[in-house]
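Visitor: Here is the input, now give the coordinates:
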Amino acid sequence: MSTSSQTLREADSIHEFFNLVATETLALFEHLEFEFLTEYDVFAPARRGRTRDHEPAELFRGFLHCYYKDIYGVRPIARELQNTLVWLGCDFDRPPSRDAVDRFLTDLEHVVDDVFDRLVEQAAVRGLLDMAYRIDSTDVRAMPSDPDASKCYDSTAEEYYYGYGCTIVSTGAKIPIAAEFTPAKQAPEETAMRVTTDALAVAKPLWMIGDSAYDTLDWHDYLLGLQIVPVAPYNPRNATDPLDIEYRVEDRIENYSEDVDLKQSTLDETYNCRTQVERTNDAVKDCGLGTLRARGRVHARAQVFLALCLRLVVAITNHERGDNPGSTVITV
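Guide: From the prediction side, this is the model:
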């Protein structure tokens, strides 16, 4: 550590200094603690050999800062964390080395989905969820050099690309509450059921909204069994004898319930809220779910869940500061 850095660190006016140069990074960490990371065995000090130079909470804050600034990859992140204001703002005692950054990311890959779940709990505690959940899959574009990426086709842009997929359940102001990384954008029914179950473990909504890809009997019957109304357009191509209905739930209610009457206008109005999940997907892409810089499925999955974590942290931060939790930026 340089003499100037020591002086800055030891100065009595350090808090005034940070107030003077308030940044989004400091705001990101103002209302959340990440010390729970020490509960994971993967971050426990090794019984033998070199001890950890930095606490996992410090490094996690460093990654969140970099992702917020659109900085990805071990080398660029390590380089950014050499900036004095940055590593002090992330609460490091000294800037981390590239090896420390790489080692932390490798360890984080084992638990990053659980870390995401912990942050979802923080959003739920703050009342950021509502009574309608939306489910959708989105593309996660990768570099053509990624050996694990699938060759996919984007019918909207009429182009091929290399990448993966991510199925997300969202609610409230662009709040992702469950997700699964998939080999391609189009995910199997098992993935939809698994992500739906994960979302319901957070809290029970009144509505569950999806596009026609979720027009399956198992998904509908599972939700109705929990007294949740599934709203997905009926896909006549799924049946040899198509029904005269707009939504699959109309048929399920007619066959299995005598005292429930849902007007189609109500279903239409509810389904119109589905576009919220698309805005959530865009918000998460702003947080790093866009073009991946990582290579390989394991590294790509870690970047996806880190982006999901950052989206939650930004939403919680804006909520605590009295700003719009749906915004992807923090105003200081």
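
Visitor: so what does the strand ranked longest in the chain touch, helix or strand wise?
Guide: Longest strand in the chain, counting residues (DSSP state E): strand 159-171. Strand 159-171 makes packing contacts with strand 132-141, strand 150-154, strand 175-182, helix 189-200, helix 275-284, helix 297-320 when contacts are defined by 3 or more C-beta pairs under 8 Å, 6 or more residues apart in numbering; DSSP states H and E. Any C-beta I mention is one placed from the backbone N, CA and C, and that applies to glycine too.

Visitor: Give me the angle between the shortest one and strand 159-171.
Guide: Angle, strand 150-154 to strand 159-171, by axes from the mean of the first three to the mean of the last three C-alpha atoms, to 10 degrees: 80 degrees.

Visitor: now the helices for this protein?
Guide: With DSSP state H as the criterion, the chain has helices at 3-10, 14-20, 24-28, 56-68, 74-80, 84-89, 98-108, 112-125, 189-200, 217-225, 248-256, 264-271, 275-284, 297-320.

Visitor: Output the ones you listed in a markdown table, with mean pLDDT and mean neighbour count appended to each entry.
Guide: Formatted as a markdown table, the helices of the chain follow (pLDDT from 0 to 100; neighbours: other C-beta atoms under 10 Å):
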| stretch | mean pLDDT | mean neighbour count |
| --- | --- | --- |
| helix 3-10 | 50 | 11 |
| helix 14-20 | 52 | 11 |
| helix 24-28 | 83 | 20 |
| helix 56-68 | 95 | 23 |
| helix 74-80 | 95 | 17 |
| helix 84-89 | 88 | 19 |
| helix 98-108 | 94 | 18 |
| helix 112-125 | 97 | 18 |
| helix 189-200 | 96 | 17 |
| helix 217-225 | 93 | 16 |
| helix 248-256 | 78 | 16 |
| helix 264-271 | 88 | 14 |
| helix 275-284 | 94 | 20 |
| helix 297-320 | 96 | 23 |
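
Visitor: Please save the CA atoms from stretch 271-289 in PDB.
Guide: C-alpha atoms of stretch 271-289 as PDB (Å, rounded to 0.1, in the frame of the first residue of the first chain):
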ATOM      1  CA  TYR A 271     -52.300 -11.300 -19.700                       C
ATOM      2  CA  ASN A 272     -51.500  -7.800 -20.900                       C
ATOM      3  CA  CYS A 273     -49.300  -7.600 -17.800                       C
ATOM      4  CA  ARG A 274     -47.000 -10.300 -19.200                       C
ATOM      5  CA  THR A 275     -44.800  -7.700 -20.900                       C
ATOM      6  CA  GLN A 276     -43.400  -6.800 -17.500                       C
ATOM      7  CA  VAL A 277     -41.200  -9.900 -17.700                       C
ATOM      8  CA  GLU A 278     -39.800  -8.800 -21.000                       C
ATOM      9  CA  ARG A 279     -38.800  -5.500 -19.300                       C
ATOM     10  CA  THR A 280     -37.200  -7.500 -16.500                       C
ATOM     11  CA  ASN A 281     -35.200  -9.400 -19.000                       C
ATOM     12  CA  ASP A 282     -34.000  -6.100 -20.600                       C
ATOM     13  CA  ALA A 283     -33.200  -4.800 -17.100                       C
ATOM     14  CA  VAL A 284     -31.100  -7.900 -16.200                       C
ATOM     15  CA  LYS A 285     -29.300  -7.600 -19.600                       C
ATOM     16  CA  ASP A 286     -28.400  -4.000 -18.600                       C
ATOM     17  CA  CYS A 287     -26.800  -5.600 -15.500                       C
ATOM     18  CA  GLY A 288     -24.600  -8.000 -17.400                       C
ATOM     19  CA  LEU A 289     -26.900 -10.600 -19.000                       C
END
